[in-house]
Each structure stands twice: as C-alpha cells, then as structure tokens.
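Coordinates only, no sequence provided:
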C-alpha cells in the first residue's frame, strides 16, 4: 500500500466547510447538499442505483508477477517479493503486483484466459488493440452503452477522465472511447472535467459561481446550443452522405450537451444563494486548472489522484452512473515519462518498456529482465492507485451502504503481457460475481468480458460489441 | 434534413482494405494511396478512409469530405477574424491524420464539447474587448453589422449575409432580454459565430451541379478557402477574398498567380515545411529518447539545418524536389558543425556549406534531423524505420504488419522468413545503408553495407546512402509518389479513376523541372480543385 495514501474520504474544501454547505459530517439538521441532490435523484427511481467504473491501464502486465498460482479461492500472496532483475518465477513472485489490492480481495474476481479480440485484421496492432478494448468491433464503447442505459436522473450518461495522454491524442491506439463509430477524445485535465460535471465549481480567483450567475451560465449555453442546433437541423445539403453524417454528429453532440445543461439547470433551482454543488467537494492541487499542471509528467501522480477524486465525487453526487478512467503514461518519449518505481521522471516511455526496450542496462533486448521488472513495477504502481480509489469508494456513504457496495469496478487493458501479447489480459472485477475467486476461462474473446460487465449492472448489451452475445457467466 | 440518414442503431458499415509489400505499391487511382496501410494505422479514430475497425467509416475515400479545420487553421482563422486581440489558449480536439499528413478530412468527430468550451472562452475574451465599442443593447443589429460583420467575412471565408448577422443579433437580444449583462450576452453571440458550421467546417455547397451529377462546382470563395488552407494553413487573406468577391478566381491564370503569391509568402514557406516534416516523419525528432541527451539547442539546430535546405530548394531556388535528397551541400550553424565534426567558422545562423568529401552526406536523408527522428531502440536499431521511410514515403510502397502473435515470436532472419520477407527484404537493405551514421546522425563508421533494391519499378545496387538516394529520386516511381502525396494533401482524398489524366498532367508538370511549386500550382489550377465529388447516388443531396 502506498505510504502517501490519504485516508479514504472525500476532501471537503475549507471554504465550503466554513460556509456550512457541504461536508460528510455536516451539522445535524442541515443535510449536506450533495446528499440532498443524490437522494432526490434516487428517490425518483426508488432505489440506490448500481454504478459501473472502468479502469483502463495501458500495455498490460508481466504475467509471472501478476497471477496467483492456483485458480479458485483467491489468496494474494503477501510474501512474494520482487527484489530486482531476477528471472520471473511464479513460486517467488505470484501475485506480487496484486498486493496493494489485498484489502479488497474478498470483493475481487480475477479473470484469466481472455484475449484481446481485434478480429478485423490488422495493419497496426497498436491501433487495433487500443481501439477494440472498450468497443470490440462495435460502434460504441462500453461506458457509452452502459452509461446511456443506467443514466436515470443523472445529468451525464457517462463521464470520461484521463491522465497524461494528451501528447498521444493523435494516436488512434490511445483513443479508446467511441460513440456511433466515431472517436470520443478524453479531456486530459481532470480539473476541466470537474468543472464540466460541476459547472462553476472552479472559477478564476478560486471562487465558485453561485445562484444567479450559475443559472445565467446554463441559460447562456442553452441559448447558444439551441441556436446552433436550429441551424444544423436546417442544413439541406453540405456535400455527400459523409458530410451529413459529420453534421449529424455535431448536432447530436449539441443536443446531448443541451440535455445535460437542462438537467443541471433544473437541479440548480431558483435559490440565488445556491452554489455549484461541486464547490469544494474535491480538493484541488495548486494550479490544477492550468495546463502546466495536467500536462507535466512530474505531476502525474497528483493528476491521477485528482482524476480519482473527481470520479468519486461524480458518482457520489449522482452526476453519472458510469465513469471511465484512462491512465496513460504509456508512450512518452520526448516528453519525459513517469518512472513508476523511482517516482520520478525519465526519458523513456512505458510503451518502449513494454517492448522490452529503452532500459538502462539492456536497451536492445526484447523482454529483458530489467524491462520485465519495470513492467511489473509499473502495473503494481497502478494497483496502488486502484487501491486508493477503492478506499475512497468504501469511505463514501451511499444509500444504506457505501459507494463501493453499489459499484462494479472493472479493469481494462489492451495487452496481456509484454510486447502486446494479446493473451491472458490481466482483468480484475470488484463487486460482481465470483468475488474472492480466480476464474479461469479458456480463450474467451474480450468482447465476452465487455458483455459480462454490462450485465453485471443490469444492462443487456445485445450485439453492441460485434459478433456474438456470449458473456463470461462467472462474473454475473 | 440532417436526421434522414442515421439508422436506429447509428452503426456504420465497414470497409476493409488489405495491403501488402510484395506485390504492389500504391499510387494508381482508387487503388492505393490513402486506402493503404499508413492511412489505416494513423488515421484519426473512426476516420481512416481505408480503416479496418468497427469505428471505421463507410466513406468512399475518393469522395470529397466535409473537412473540419485543423487546430492551426482554427486558431489562425480566429486570429484573422479578430486581429490584434490577445486571445487565451484553448483546448481543441486533436487533429486527425491520413497516416502521413495532418488533416481532418478523414476524421469524424462525435464529441464537440471542446469546441463549445473553446468558443465560450474565446467569446468571453473577445466580448471584453468589443463591449465598449458600440451600444450593443440599444442598437444590437447595427452593432453586429459594424463590429462583427468584418469578422464574419473572415471567419466564414465568404461575404457575410443578413441572415448571418441576424443569427448573432437575435441571440444577443435574447440574452439581454433574459437579463444577461451586455458583455455576457455579447460573449454568447461571439461564441455562436465560432460554432457556426461555416466556420468550423470547410463547407462546400457549390454553385452548380457537375455535368454527371456526381458533385458540385465550387464557388470562388470555396476555391479561395481551399487554396489558402492548402498553401498557408490559414484562411484567405483580404486580397484573396476580394478576388473571390469579384469573380476573378474563375480565371485560371489569376488563380495560379494567387497561388504563387501564397506559396511564396512566409506562411507558404511554413506550410511547405510542414509538408516535408510530416512527409518524412521529422516530427518524430523531439520524441526520440536520445534527443534528451543532446539538449534542445542541438535539436533546434537539427531542424534549422533541414528547414534551411527545404526553404532553399522548394522556395528560393525552386529546384527539383529530388535535390532535397541529393544536395551535396547543406546549411550548418556552429552547433551542427560541431555535431557533425566539421571544422571551420560557423555562426548561430545556418549558412551554406558544401560537403568536401570527408563525410558522405547528400541531402535530407543524411541530415541529423532525419537520422535521429528515424532511430529505434529495438533490434537492429535504426534499420527498419530508415528503410521504411524510403519505401513508404519516397516510393509510396505499402506495408502490411504481421499479426501480434508473430510479433511476439523470435524470427531467425526476417528478410528470409516468408512471413516477414515480403517487406523486410525490401526495406532492410535500404535501412542498412545508413549504418555509417549513429542514432543522432553522426558519422560513426566508414564500413559501408552495400545493398540491392528491386521493387520492380526501382532496381539497382548501392554502396552508400547517396547512391541509394540517387537511385530513388531518379526513378519515375519517386515522381509519381510525390505527385500522389501532393494530391492527397490538396484534396484530403485519393485520386478517382477518372482523374488518371489529371495525375498524368501533374506528373508531367512535376517531371519537367521537378519543382514542388510547379506541382502545387498545376494542382490548384486543375478542374478537380474547383469541384466536390459525391460518388454514389445515395451520397448525393439536392442543392
């Protein structure tokens, strides 16, 4: 477990506390606003909703350090040790990467035997592996399919967050989200997403918008989008079919944001003193809204922490029922990569390491011991973060239990082991079927995994991800 | 209406393209080019004309796309529409690519949120500057006409209409009526301008149907926009817009003269430089791990050397493009001279230097910029990327990567293993010719690795990069490749079968003096440059 971990609870900004508006431990008789908002939405639907969180980490793992030796009941071996560059040996190293998750192993189902099924043929496996991770061969990625179905009274069907992938934004392999066959680009600034989900929460000078100003902002955006939408609907001819599809995409985007804004406006109500509900819910690092913060490798851990905090707040306040988080320090050549085991920046990316390259001792060897050690440390570092996120969910009240009780958290990655090996994706699911088990399946395509995840939260995916309707039943 | 085409599922059919090294190269109309490997590998999501995933689009890559402005084009257009204003930085969606060049022609975007936020951010800043210039609340329509009319014309690349202004003034009035402060209401109106399809997209409505009904003939303003964005990455300037207003661009010679003016200007030089950078993958330079050890000043000097040669060949001398790859001279500043180990007196500015035989360098292929950009830390280090760039970018050859399972296997000799040899037997000998240079382009060895090239169209033996480069650029295949790339850059699509004659004309124009300028001017003077194509019946819409 990370030494620097903060006790799991939502941070309450000092200013919010002094205003007496928020806080998990708010004074008796004054229910916290977030709780009111969430309970109001839930009351309409009759029950605390189920949520789905997708956790994407690039490049896969190093198998010998990841998997437990035995299938069946899960027991993460806390005695495993990775000393250095010794050859991978499952007797010594089993489940070393999983150790940060030991407190949650009773909720954890490991799934082994799933392969990345980019079946449509490939001219570049990076491209297809990344692109198929969440969508299979279908037009929509999982969070879109599930989020739309689960949305209920939440303003947003799905909220997508990401860290440090902006330099790779042009690479299709880093574009894992899709709607209607077109990409959805992640906003790599969690602070930006925070302000989208909680408009007015972060304003210049550190103050948040309240009442009238916030209401006007919503009205202004609605007027703006309504005007654009009218023009788009009136377009008769702007080229061929492709041109019309592009304008349809634009119109759909306009209408979706209109819907979100209307929901936010309705929720805001008419009280001129009501602040943005997100005010102070997440503690922002200094300069979090500035490019210098979220574009810097050196702030990778802080940006990631902010991403997770925003995700928890988003779920806790029922802004959405589906959150997807994309970690990406994967190919950072020339921009300095984050060194996961030394907690510093360096000059070689995670992606070259996954190819067994760009290591200090053996730059040319594929799958060198150094590369395997670094890959294992990298994936374990991500599991440190996942443990933090799970702690946060566990510490957040939700209905009669906690947010963790009502959330399925599922991990995704594009590769199994080193060098884009597509087999045995290291898949972890918390809060669904087969908890506390290592489930073995035999060469199941990952689209079966996608379908299973949809069903864990009660969504029938149909044939959303390509051929077939099979799912991995053990997860249900 | 826009609703008419999308089915209930919103799903889009697939188009698969298979490419291979062994049998053919791209280049013939409608068989290669953008449908090839690199387009698929690098295309923006859901974008690649020849894409092979579920997110690929059923777009005939020979059709004209509704092109969305690139980031650079967007920002330059805003700056031109609102000159002299210090505008805030905004985050825009990532640009697409056709596998080589930055373009949104093959790109379908589904989430425009970044544009909404950019428009609101820019609108607020612009409104702050404009609010005191007019009595916006009292005379909304007149203020919009006076203060935003000129911006509309630049932003939409055409004369503004009454309706354009009414849209903005109506929105302004509505927000004022709803109680918004004037500056806030004005910000919304400016944001509206920046979200209009005529700003965001290269809308090409055309003025008349083509004789075969398969497209539209473009207006002069639409041609002006094509011209300016192609040659300068910027919107039409005042001169070009005025010519479009007067109908003068219908005159082919006038259009060619305007193209020459734009090509020869500073923005034209910058755009041509971008073409070369993307063509030869030079934008990889900063991404290589080893550049961190060199220092940013050396990397900047590497760029400066190549930029100076490109400017010299393409603009100052208007020399044949092949001279980029054969020039026995270069442009060195003191840092590059030291980097190469060249003795003499040099300054901070690149100056012409004629190679004197101590090193076998000829043109860009031997520049440290390219050699560093095309370095890999994988097995055999630099052989593959250096061979690949010649095969795919100078000869427009297509690659097919093996599946992931094979990539995980050890292969004894990739130039002989039948699963690999189709490509590697072609690329590797070319890549090995570069062995005399290290990973940052320094001369490291006099050991020459002689090789043979035989692609069917290009044949010969070589014992140096200079000889290899000479073989390549002397070939007809190189000429057709450059011609095809220029076409692709200009149209955002690959040639149609009916455009074989145009390609031949372009080839002739290029093969003559071999100048990039001649090629581009011939290209923009063509009928195709004034036409938009929608090939299939179902793709067409009545004007």
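Done, it's in. No experiment lies behind these values; they were computed from the predicted model shown.

For the rest of this, base every contact and every neighbour count on C-alpha atoms.
Fine.

And residue B:240, what's its pLDDT?
pLDDT, residue B:240: 98.

Count the neighbours of it for me.
Using other CA atoms under 10 Å in any protein chain shown, residue B:240 has 25 neighbouring residues.

Least confident secondary structure element in chain A?
Across the helices and strands of chain A, mean confidence by mean pLDDT, DSSP states H and E is lowest for helix A:14-19: a mean of 30.

center of chain B, which residue is that?
residue B:101 (3.6 Å; CA atoms, centre = their mean).

Tell me the spacing between that residue and residue B:397.
16 Å (CA to CA, to the nearest Å).

Would you map the strands across the stretch 101-250 of chain B?
Taking DSSP state E, counting those that start in this stretch as the criterion, the stretch 101-250 of chain B contains strands spanning B:208-209, B:215-217.

from the middle of its chain, how far away would the last one be?
Centre-to-centre, strand B:215-217 and its host chain are 24 Å apart (CA atoms, centre = their mean, to the nearest Å).

Burial check on residue 448, number of neighbours?
No chain was given, so I picked chain A. The tally of other residues near residue A:448 (other CA under 10 Å) stands at 21.

um, chain B though
Using other CA under 10 Å, residue B:448 is surrounded by 15 other residues.

which residues are in contact with stretch B:356-367?
Applying CA atoms under 8 Å, 6 or more residues apart in numbering or on different chains, the contact partners of stretch B:356-367 are B:302, B:305-306, B:323-330, B:355, B:370-371, B:441, B:443, B:464-466, B:469.

which parts of it are buried?
Buried residues in stretch B:356-367, counting neighbours by 16 or more other CA atoms under 10 Å in any protein chain shown, are found at B:360-367.

JSON lines please, covering these and showing pLDDT and secondary structure.
Compiled in JSON lines, the buried residues of stretch B:356-367 are given as follows (pLDDT from 0 to 100; DSSP: H, G, I helix; E, B strand; the rest coil):
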{"residue": "B:360", "pLDDT": "69", "secondary structure": "coil"}
{"residue": "B:361", "pLDDT": "87", "secondary structure": "coil"}
{"residue": "B:362", "pLDDT": "89", "secondary structure": "coil"}
{"residue": "B:363", "pLDDT": "94", "secondary structure": "coil"}
{"residue": "B:364", "pLDDT": "95", "secondary structure": "helix"}
{"residue": "B:365", "pLDDT": "93", "secondary structure": "helix"}
{"residue": "B:366", "pLDDT": "92", "secondary structure": "helix"}
{"residue": "B:367", "pLDDT": "95", "secondary structure": "coil"}
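
Spell out which residues belonging to the stretch 101-250 of chain B are near chain A, please.
B:108-113, B:167, B:171, B:175, B:180, B:185, B:188-189, B:191-192, B:195-197, B:203-205, B:215 (CA under 8 Å from any CA of the partner chain).

Among the residues you listed, which lie within helices?
B:113, B:167, B:171, B:175, B:185, B:188-189, B:191-192, B:195, B:197 (DSSP state H).

all strands in the chain, in order from the N-terminus.
Looking at chain A here, since you left the chain open. A:51-56, A:72-73, A:108-115, A:159-163, A:177-179, A:182-184, A:322-327, A:337-339, A:344-346, A:397-398, A:401-402, A:407-412, A:427-430, A:437-445 (DSSP state E).

ah, I was thinking of chain B
Going by DSSP E, chain B shows strands at B:208-209, B:215-217, B:329-332, B:351-354, B:451-454, B:459-462, B:531-533.

Neighbouring strands - and their directions - for the third one?
Put plainly, it is strand B:329-332. strand B:351-354 (antiparallel) (DSSP bridges).

And the shortest one, by the same measure?
According to DSSP bridges, the neighbouring strands of strand B:208-209, each with its direction, are strand B:215-217 (antiparallel).

Low-confidence bits of the stretch 201-350 of chain B, can you list those?
Applying pLDDT under 70 to the stretch 201-350 of chain B flags residues B:286-293.

Now do the buried residues in stretch A:257-276.
A:257-258, A:260-265, A:268, A:274-276.

tally of neighbours for residue B:99?
Residues near residue B:99, counting by other CA under 10 Å: 21.

number of nearby residues for residue A:412?
Neighbours of residue A:412 (other CA under 10 Å): 23.

Next: residue B:297.
By other CA under 10 Å, neighbour count at residue B:297 equals 11.

next one: residue A:78
With other CA under 10 Å as criterion, residue A:78 counts 15.

One more: residue A:86?
Residues lying near residue A:86 (other CA under 10 Å) number 11.

what residues are up against the residue nearest to it when sequence neighbours are not counted?
Among residues not flanking residue A:86 along the chain, residue A:369 sits closest, at 6.6 Å (CA to CA, 6 or more residues apart in numbering or on different chains). For residue A:369, the contacting residues are A:85-88, by CA under 8 Å, 6+ apart.

Can you turn the buried part of the residues you listed into a PyMOL selection?
Those of those that count as buried under 16+ other CA under 10 Å are selected in PyMOL with:
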select buried, chain A and resi 88
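
Can you tell me which of the contacts of residue A:369 is closest to residue A:175?
residue A:88 (31.9 Å; CA to CA).

Show the residue spans covered by the helices in the stretch 301-450 of chain A.
Using DSSP state H, counting those that start in this stretch, the helices of the stretch 301-450 of chain A run over A:350-354, A:369-394, A:446-456.

Sorry, wrong one. I was asking about the stretch 301-450 of chain B.
Using DSSP H, counting those that start in this stretch, helices in the stretch 301-450 of chain B cover B:323-326, B:334-340, B:368-373, B:383-388, B:404-407, B:421-432.

and the stretch 201-350 of chain A, which residues reach chain B?
Contacts of the stretch 201-350 of chain A with chain B, taken as CA under 8 Å from any CA, map to A:216, A:220-221, A:223-224, A:227-228, A:232-250, A:252-254, A:257, A:332-335, A:347-348.
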